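[1] Provided below are the primary sequence and the corresponding predicted coordinates.
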Amino acid sequence: NAGVTQTPKFQVLKTGQSMTLQCAQDMNHNSMYWYRQDPGMGLRLIYYSASEGTTDKGEVPNGYNVSRLNKREFSLRLESAAPSQTSVYFCASTQGGSFKTNYGYTFGSGTRLTVV
Amino acid sequence: EDQVTQSPEALRLQEGESSSLNCSYTVSGLRGLFWYRQDPGKGPEFLFTLYSAGEEKEKERLKATLTKKESFLHITAPKPEDSATYLCAVNAGNNRKLIWGLGTSLAVNP
């Protein structure tokens, strides 16, 4: 079982460039999430998708867009990268509906993004 | 304001030296408290969910407990492979998101 797969693992962008982070899960989970993790800030939710066809903003959505392509895939797009978006990005999924407490999240291994 | 605080920030133990990590929370309408383990360069790995005060969960050398204000992660006779950052998160009923603590970085020396 692959679980949650994120690509790429590392990326360096110049300010103003765009890119899409890909995430796919093979556990038939309904809900998917994008987080960023920064030193001293902890994990912060960018966007989430409670189910296929729906997306909602989290704590820090500015500068990002998402697409729930199908039940398996949830992508995160940076339209015009800024140095403040330098971070480690994690995709996660869970079986239940939005923030259902019965199940823990399964996280991917992360994308380390540097914007110069 | 909903808040999750973990202590200590860092903890260094000798192999076999038992200890506890703390996660205190201030939320209204707790709908679950989660413990995760995170190894360097990897995503968090789910350990436990606790729902109500008095509840306990165990997995190998780890035991999580919950009161109305805090949770403890007890580590009994730790081994070097238990070295990791341990994260706590809370699902508050009136907020549609998990609130994460900053974690405790645990190092177990052989």
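    Ah, there it is.
[2] which bits of chain B sit near chain A?
    If contact is defined as Cβ under 8 Å from any Cβ of the partner chain, the residues of chain B in contact with chain A are B:31-32, B:34, B:36, B:41-49, B:51, B:87, B:89, B:91, B:96-98, B:100-103. Yep, even glycine has a C-beta here, placed from its N, CA and C like the rest.
[3] any idea how far the most centrally placed residue in chain A is from A:Tyr48?
    To find the centre residue of chain A, average its C-alpha atoms and take the closest one (Cα atoms, centre = their mean): that gives A:Trp34, at 2.5 Å. Taking Cβ to Cβ, to the nearest Å as the criterion, A:Trp34 is separated from A:Tyr48 by 7 Å.
[4] who touches both of the two?
    Common contacts of A:Trp34 and A:Tyr48 (Cβ atoms under 8 Å, 6 or more residues apart in numbering or on different chains): A:Gly58.
[5] what residues are up against the spatially closest residue to A:Arg68 that is not a sequence neighbour?
    Excluding its sequence neighbours, the residue lying closest to A:Arg68 (Cβ to Cβ, 6 or more residues apart in numbering or on different chains) is A:Ser49, at 4.3 Å. Under the criterion of Cβ under 8 Å, 6+ apart, the contact partners of A:Ser49 comprise A:Ser31, A:Met32, A:Tyr33, A:Thr55, A:Asp56, A:Val66, A:Arg68, A:Phe74.
[6] is B:Ser20 bridged to anything, and to what?
    Here B:Ser20 shows beta-bridge partners B:His74, assigned using DSSP bridges.
[7] is residue 71 in a helix, a strand, or coil?
    I'll assume chain A. Three-state secondary structure (criterion: DSSP: H, G, I helix; E, B strand; the rest coil) places A:Lys71 in coil.
[8] quick check: which element contains the nearest residue to it once chain neighbours are set aside?
    Using Cβ to Cβ, 6+ apart and skipping the chain neighbours, the partner closest in space to A:Lys71 is A:Glu52 (4.6 Å). Using DSSP states H and E, A:Glu52 falls within no helix or strand.
[9] for B:Leu30, see how far away A:Glu52 is.
    Distance of A:Glu52 to B:Leu30, given as Cβ to Cβ: 29 Å.
[10] packing partners for the least confident helix or strand in chain B by mean pLDDT?
    Least confident helix or strand, chain B: strand B:98-100 with a mean of 90, by mean pLDDT, DSSP states H and E. When contacts are defined as 3 or more Cβ pairs under 8 Å, 6 or more residues apart in numbering or on different chains; DSSP states H and E, strand B:98-100 sits against strand A:42-49, strand B:3-7, strand B:84-92.
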